[in-house]
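Participant: What shape does this take:
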Amino acid sequence: MSCMPTRGRAAGAVVALFVAAAVTAPVAAADPGRAPLATFNCAGSINVNVHPVNGAVDGKSASNFRCATPDESFAAQLTISGSITGSGDLFYTTRTTDTLRRTDTGQSLQFTIDRRFDRDTTAASGNATESGSGVQARDSGTGTFGTGTNLVTFVITNNYMLDVTT
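Facilitator: Numbering: from 1, shown residues only. Presented below is the predicted three-dimensional model:
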């Protein structure tokens, strides 16, 4: 039996209903049949190949890539595929359609993201930064780059973070 007076319990119930309505009302008002949004926060490193001659972009996450929700953490794999949308001496802009796949269940989701890769020099290798955003996702990180025949590879290993909202 609770020691809280009846008036206190009623006020607490009203506050709880108000908070629940405030949290769910925007989603319910937008689409009553839609589930609440979920956000995946991912970290690790990515390797991205930019092909200046044919305009292709491809890449993937390293084996240390992990994602988390408020309820769980899991290993994941990110696959990157798209094209160059712009370039300069020290940068490339890209648009890719990425696939984020849970390695334990095989569940996956796709999203489009516009990224910018910057390098600090026109030399064959050096430091790089990456940042991107889209309707469902945003990411950023730092690392290095190296050039090959018709190829620039960005290895983003430092502070790489990807947030995807479904």
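Participant: Might you list the low-confidence residue ranges for the protein?
Facilitator: Residues of the chain meeting the criterion pLDDT under 70: 1-36.
Participant: Strands along that one, start to end?
Facilitator: Counting by DSSP state E, the chain has strands at residues 39-51, 56-61, 66-68, 73-88, 91-102, 108-119, 125-133, 137-148, 151-165.
Participant: Please tabulate these in TSV and include mean neighbour count as additional columns.
Facilitator: From N, CA and C alone the C-beta is placed, and that goes for glycine too. Formatted as TSV, these follow (neighbours: other Cβ atoms under 10 Å):
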stretch	mean neighbour count
strand 39-51	18
strand 56-61	19
strand 66-68	17
strand 73-88	16
strand 91-102	19
strand 108-119	18
strand 125-133	17
strand 137-148	18
strand 151-165	18
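Participant: Against Asp118, how distant is Phe91?
Facilitator: 5 Å (Cβ to Cβ, to the nearest Å).
Participant: With Ile84 instead?
Facilitator: With distances taken as Cβ to Cβ, Ile84 is found 14 Å from Asp118.
Participant: got it, and Asp163?
Facilitator: Separation of Asp163 from Asp118 (Cβ to Cβ): 20 Å.
Participant: Which residue, other than its chain neighbours, is closest to Lys60?
Facilitator: In space, Lys60 comes closest to Thr79 once its chain neighbours are excluded; the distance is 5.3 Å by Cβ to Cβ, 6 or more residues apart in numbering.
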